[in-house]
Each structure stands twice: as C-alpha cells, then as structure tokens.
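K.L.:
Can you look at this prediction? I've put the sequence above it.
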Amino acid sequence: MGLKDGAGLEQWEIAVTKKIVSDFRRRFRSLAREDFDDLQQECLLHWIQVRARLVPVGEGPPVAYMSQVLRNMLTDYVREKAADKRGGEQEILSLDAPVDGSDDGFTLGDLIADTTVAVSGDAVGSTRHHTELDVARALEQLTPMQRRICTMLGEEGLSVKETAKRLRIPRGTLYEEIKRIRQSLADQGLADYLKE
C-alpha cells in the first residue's frame, strides 16, 4: 500500500467513501437533497488532505481511520446545515416602521406597547390590541389607493365629495372603491366594525 504524496486514489478509498456517503444520506434527510457525487468529491478531497499528513502504520490500508475521518467530516457538515437552517434569513425590523405600509399607520412599536397592556391582564387592552392587529392585516390587503381612501375618509374626516375631489376621480368611482374596501374587510371577518 502506498500513501506517498502525490499518489492517486486507490479503489478501496473510493469504495469506503461511497459507503460512508450512502450511509449518511440514508440517515440524514438534509444530505439526501445533496448530490451524491458532490458529497463524495468533498469527502475525497478532505481525505486527500488528511492522508498527506498520515504516517503509515502496518501493512494494510487504514480503512477504519479513513471511515472515522469521513464520518466526522460529514457529521460536522450536517450540523452546519442544521445551524444554517435554524438561523434562517434574519431581517432587522424597525419599531417605527408602519405595519400596513402607509406613512402614518400603526407601527410595530405601537403594537408592542399594546401587547404589554394586553399581557398585564387588561381585557379591554387585549381586545383593542387584537382588533388593531386584525385591522392592520386587513389594510395590508388593500391597494395603496384604497388605503389612501380609508385615511381620507377615516382619519382626516373628509366627506365623499372632498375625497373624490382630492383624488380627482368621479364620486361613482369612489363609491365603487368604498364598496370593494367594505367587501375586503368583510371577507377578513371585520364586518362588525363597518358602519352601515
């Protein structure tokens, strides 16, 4: 057996690698999605680096040692993949960013403050918090134009005539949009909060 530097791979090395990679792919679902040949190549490259530092002992090939080296490498690889999966894409959220995307809507900070009230045992605060969350989610489903109409008619207190004039649309079109907004809110279970 020759473990000289620069020597090519021997058949037993390829056979051991195939067996170890096959065993690990059966045991770990995350490896089952990886290409067999790619995993085998990574293992063989790692083994060549380890083999270069190996001092041969005895006459036979170091099959058990190679198996342990590859098992350790694949175990580390599985752990890294699991850690990456747990980490996921972590996005930084601003507490001042509006939940519904509008410039002056509920912010994440407002919702957290309401949650604090809700957790303290205040039933009214809890109900208000859940209603605000429901409304914020419902507003996300509306088009930007529909959200603007809600702001003008609700928060700004404009009449239908004033809103239509500012938006430069006919009142009939505005009434159609209001009808669509009402239907969208009703579809999301907020019909009880709509004025008749």
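P.N.:
Alright, I've got the coordinates. Numbers count the residues shown, from 1 in each chain.
K.L.:
in this structure, which spans are helices?
P.N.:
Taking DSSP state H, the helices of the chain run over residues 11-27, 29-32, 36-52, 63-87, 108-119, 123-140, 144-153, 160-167, 171-187.
K.L.:
Let me have the ones you listed in TSV, adding mean pLDDT as columns.
P.N.:
Converted to TSV, the helices of the chain look like this (pLDDT from 0 to 100):
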stretch	mean pLDDT
helix 11-27	89
helix 29-32	78
helix 36-52	88
helix 63-87	82
helix 108-119	55
helix 123-140	64
helix 144-153	86
helix 160-167	90
helix 171-187	86
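K.L.:
Could you dump these into JSON lines and include mean neighbour count?
P.N.:
From N, CA and C alone the C-beta is placed, and that goes for glycine too. Formatted as JSON lines, the helices of the chain follow (neighbours: other Cβ atoms under 10 Å):
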{"stretch": "helix 11-27", "mean neighbour count": "16"}
{"stretch": "helix 29-32", "mean neighbour count": "14"}
{"stretch": "helix 36-52", "mean neighbour count": "15"}
{"stretch": "helix 63-87", "mean neighbour count": "14"}
{"stretch": "helix 108-119", "mean neighbour count": "15"}
{"stretch": "helix 123-140", "mean neighbour count": "15"}
{"stretch": "helix 144-153", "mean neighbour count": "17"}
{"stretch": "helix 160-167", "mean neighbour count": "15"}
{"stretch": "helix 171-187", "mean neighbour count": "14"}
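K.L.:
Using PDB, write out the CA atom coordinates for stretch 174-181.
P.N.:
Extracted C-alpha coordinates of stretch 174-181, given in PDB (Å, rounded to 0.1, in the frame of the first residue of the first chain):
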ATOM      1  CA  LEU A 174     -65.100  56.400  -5.300                       C
ATOM      2  CA  TYR A 175     -68.300  54.700  -4.200                       C
ATOM      3  CA  GLU A 176     -67.200  51.600  -6.100                       C
ATOM      4  CA  GLU A 177     -63.800  51.600  -4.300                       C
ATOM      5  CA  ILE A 178     -65.600  52.000  -1.000                       C
ATOM      6  CA  LYS A 179     -67.700  49.000  -1.900                       C
ATOM      7  CA  ARG A 180     -64.600  47.000  -2.600                       C
ATOM      8  CA  ILE A 181     -63.000  48.100   0.600                       C
END
